[in-house]
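1. Below: sequence and its predicted model.
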Amino acid sequence: MSAGRALNQLNFDNSYARLPESWFERRQVQSLQHSHLIAFCPEVARQLDLDPCRISPEELVQYCTGVQAWPGVEPLAMKYTGHQFGVYNPDLGDGRGLLLGEVVNSRGERYDLHLKGAGQTAFSRFGDGRAVLRSSIREYLAGEAMAGLGIPTTRALCLLGSEEHTLRNGMEPCAMLLRVTPCHIRFGHFEYFFYSGQHDELKRLADYCLQRFFPQFLDAEQPCAAMYREVVERTAKLAAAWQAYGFVHGVLNTDNMSLIGETFDYGPYTFLDQYEPDHVANKNDHQARYAFHKQPSILLWNLAALAQAMLPLVEREQLEAELDRFQGLYEAAYLERMKARLGLQSVDAGDQRLVDQLQAILVEQRIDHNRFLRALTEWQPGHAASDRELLAFVERPEALQAWLQQYRLRARQEVASEPIRRQQMRSVNPRFILRNYMAEEVIREAHQGDYRPLHDLLPLLRHSGDVHPGFEHYAGPRPQWAQSIYLTCSS
């Protein structure tokens, strides 16, 4: 049987559970009272070889909450450490989540099933191991939005609600999220073994990662060095994607860094409503360490922390050489992303300057750059109404008018016909972007037991370039009240 499986037919092969017991704690899921299915992602189900039409919501809830034994799962809480806001914390680990197991699909692809909100573990510290509905909805939405934009990300098979409550911002309803991704290894896993002096275990972790995530480097002259080189490249491309779409992660600690270059562990994230380089998404970030414009340099810092942890495996000079490549890799990837958004496929010596000039205008005039670039997709040069639509994004139009003239001349150099070029631009310039106020509206209604706004929003995020009649207001600027939305680490 290669596809169309039922839940009890998943092909589990739990390689992490076969590693030393000191790497994790085996722990069973602690069920929630009156759990129910809120949302389910058919696309993620198909990645696991599940037939969405054969999924029983009741059965899925029972498996996820531990009420019914899921054939093949071996729940465990991973141990890791990491740097949080630049300070090393040795007391980290899966404090509210469990790695249920690993599913191997018919194509040989391996996916982790990780349940957030599964209850207390040995690494919960003073927490109760629960996730609240608010943060679970935000992560579910973020995964779908990022996937819709083509940005590497974790996603979730399902989102569960319950009638159980816990104390966060007052008493809040508990929820569970079944996260699905090829990799739950964080930079902090390497830091744990390095700083605890377990260098033999560090080597074993590196070997495990090579075999599972980077088998193409197993026969390299120096496999660990080759793996680190790949991690640097993927992380640079991830940074470029975030900056190109105005995504602010909010908590870029090393324990929130995925080894395979995915956006990982969503907290107080945001997409910029207007282009503010100094925007801080997380109000707990009092030093603005993770401000939008600092993200590339912070990812470089995190890569340096990973390099430090890999010193017993790779020569310092090699690691430093790879770190030195980061800025150039990032700049090239960012230029490529922005050129795609501008509909420019050919190479011209002036492309970097054209992008730099646009960014300067975005910064100076605080433009909503995602809406602007979508409008640019439909711009008809020389048509008064079309010109007015673009110039309405700025208070001082002179600089934008001059840039548009340069952009028009550059676009004429493209080999592709204008209809094809515009279609390419539409494919990478979303009509709909996940604004904080949209998530806030969904959460507000979900707290009242109404999940319809959540299900209304999901198609807009998964197919963000489409029209979606009846939801045009979501393509406009944020409402005035949205300026007061306040996000913290608990978000």
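-> Received it, and whenever you're ready, just let me know what you need. Numbers count the residues shown, from 1 in each chain.

2. Give me the buried stretch members for the helix or strand of the chain with the lowest mean pLDDT, please.
-> When each helix and strand of the chain is scored by mean pLDDT, DSSP states H and E, helix 384-391 comes last, with a mean of 94. Neighbour counts using 16 or more other CB atoms under 10 Å place 387, 389-390 of helix 384-391 among the buried residues. From N, CA and C alone the C-beta is placed, and that goes for glycine too.

3. Model confidence for Met1, exactly?
-> pLDDT for Met1: 41.

4. actually Pro173, not the one I wrote
-> For Pro173, pLDDT reads 97.

5. So it: helix, strand or coil?
-> Three-state call for Pro173 (DSSP: H, G, I helix; E, B strand; the rest coil): strand.

6. ok, what's across the strand from it?
-> His165 (DSSP bridges).

7. residue ranges for the helices of the stretch 1-150 of the chain, please.
-> Secondary structure of the stretch 1-150 of the chain (DSSP state H, counting those that start in this stretch): helices located at 42-47, 57-64, 133-149.

8. Would you enumerate the residues in contact with Met310?
-> For Met310, the contact set (CB atoms under 8 Å, 6 or more residues apart in numbering) comprises 190, 194, 202, 206, 224, 228, 319.

9. Apply 7 Å and report the result again.
-> Contact analysis of Met310 by CB atoms under 7 Å, 6 or more residues apart in numbering lists 190, 224, 228, 319.

10. So it versus Arg229, what's the distance?
-> According to CB to CB, to the nearest Å, Met310 and Arg229 sit 11 Å apart.

11. same check, this time on Gly82
-> Separation of Gly82 from Arg229 (CB to CB): 22 Å.

12. how far away is Ile295 from Ile433?
-> Rather than Ile, residue 295 is Gln. Taking CB to CB, one finds Gln295 at 17 Å from Ile433.

13. for the contacts of Met310, which one is nearest Phe24?
-> Taking CB to CB as the measure, Phe24 lies nearest Phe190 of these, at 15.3 Å.

14. In contact with that closest one, which residues?
-> Phe190 neighbours (CB under 7 Å, 6+ apart): 202, 205, 306, 309-310.

15. Leu141 too?
-> 434, 439, 457, 461.

16. so which of the residues you listed would you say is closest to Ala333?
-> Nearest to Ala333 among the contacts of Leu141 is Leu434, at 22.0 Å by CB to CB.

17. That closest one is in contact with Leu461, isn't it?
-> Yes: at 5.8 Å, Leu434 and Leu461 qualify as touching, with contact defined as CB atoms under 7 Å.

18. tell me, what's touching the two both at once?
-> Residues touching both Leu434 and Leu461 by CB under 7 Å, 6+ apart: 141, 145.

19. Which one of these two is surrounded by more residues?
-> Each of Leu434 and Leu461 has its neighbours counted (other CB atoms under 10 Å); Leu434 has more, 25 against 22.

20. quick one: the more buried one from Glu43, how far?
-> Taking CB to CB, one finds Leu434 at 17 Å from Glu43.

21. now do Met425
-> Distance from Met425 to Glu43, by CB to CB: 24 Å.

22. same deal with Ala156?
-> Distance of Ala156 to Glu43, computed by CB to CB: 11 Å.

23. coming back round to it: for Met425 and Glu43, indicate the residue with more neighbours.
-> Comparing Met425 with Glu43 by neighbour count (other CB under 10 Å), the higher total belongs to Met425, at 22 against 12.

24. Can you tell me the element the more buried one falls in?
-> In this assignment (DSSP states H and E), Met425 forms part of helix 418-428.

25. That helix vs helix 133-149, what angle?
-> If you take axes from the mean of the first three to the mean of the last three CA atoms, to 10 degrees, helix 418-428 sits at 160 degrees to helix 133-149.

26. In helix 418-428, which residues are buried?
-> For helix 418-428, using 16+ other CB under 10 Å, the buried residues are 421-422, 424-426, 428.

27. same question, stretch 435-447
-> Judged by neighbour count (16+ other CB under 10 Å), stretch 435-447 contains these buried residues: 435-443, 446.

28. any idea which of these is the one closest to Asp324?
-> Distances from Asp324 to these, taken by CB to CB, are shortest for Asn436, at 36.5 Å.

29. Check what pLDDT the closest one gets.
-> So, for Asn436, pLDDT stands at 96.

30. Quick check: the gap between it and Ala446.
-> As judged by CB to CB, Asn436 and Ala446 stand 15 Å apart.

31. again with His279
-> The gap separating His279 from Ala446 is 26 Å, by CB to CB.

32. do the same with Asp13
-> Distance from Asp13 to Ala446, counting by CB to CB: 35 Å.

33. ok, then the element right after the host helix or strand of Asp207?
-> Element membership for Asp207, per DSSP H and E: helix 199-213. Per DSSP H and E, the first helix or strand lying C-terminal to helix 199-213 is helix 223-245.

34. what mean pLDDT does the helix or strand just after that following helix have?
-> Going down the chain from helix 223-245, the next helix or strand is strand 247-248, by DSSP H and E. Per-residue pLDDT over strand 247-248 has a mean of 98.

35. cool, stretch 34-51 as well?
-> The pLDDT scores in stretch 34-51 average 97.

36. Also stretch 477-491?
-> Stretch 477-491 comes out at a mean pLDDT of 84.

37. Contacts made by that stretch with the rest, please.
-> With CB under 7 Å, 6+ apart as the test, stretch 477-491 has contacts from 135, 138, 168-169, 250-251, 267-268, 270, 273, 281-284, 368, 371, 435-437, 440.

38. among these, which are in helices?
-> Under the assignment DSSP state H, the contacts of stretch 477-491 contribute 135, 138, 371, 436-437, 440 to helices.

39. and which of the residues you listed is nearest to Ala411?
-> Set against Ala411, the nearest of the ones in helices among the contacts of stretch 477-491 by CB to CB is Arg371 (19.7 Å).

40. got a list of what the closest one touches?
-> Contacts of Arg371 (CB under 7 Å, 6+ apart): Pro477.

41. Okay then, goodbye and thanks.
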